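Novice: quick one: sequence and predicted model below, then my questions.
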Amino acid sequence: MPAAAVVAALALERLGYRLTVVLVLAVLLGVVERRRSWVVVLVTVAAAFGSFWLFHNVLRVPLPRGPWGF
């Protein structure tokens, strides 16, 4: 969805990587795909924190942390 990419690009610096990924994936999986809520929560949290860990620790790519350092 092009709109999700635009929202993610605009929110990335303001909200941080992990929170932006959680919100965008929650909308895409919960609203667009209509998955069960427990699946949405599990996948969004795993994808957000797992990809952040991979980029930050393994690949050493600096990602925005957001206003709360999260």
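Specialist: The structure has been received and is ready for your questions.

Novice: what's the helix or strand for Pro62?
Specialist: Secondary structure assigned from DSSP states H and E places Pro62 in neither a helix nor a strand.

Novice: ignore the last one, Val22
Specialist: Counting by DSSP H and E, Val22 is found in helix 17-26.

Novice: which residues touch that helix?
Specialist: With contact meaning Cβ atoms under 8 Å, 6 or more residues apart in numbering, helix 17-26 is reached by 4, 7-8, 11-12, 15, 40-41, 43-45, 47-49, 51-52, 55, 63-66, 70. C-beta: built from backbone N, CA, C; applies to glycine.

Novice: what's near enough to touch the closest residue to Gly16 other than its chain neighbours?
Specialist: Closest residue in space to Gly16, ignoring its immediate chain neighbours: Gly66 at 2.3 Å, by Cβ to Cβ, 6 or more residues apart in numbering. Counting by Cβ under 8 Å, 6+ apart, Gly66 makes contact with Arg14, Leu15, Gly16, Tyr17, Arg18, Leu19.

Novice: which SS state does Gly66 fall under?
Specialist: Assigned by DSSP: H, G, I helix; E, B strand; the rest coil, the conformation of Gly66 is coil.
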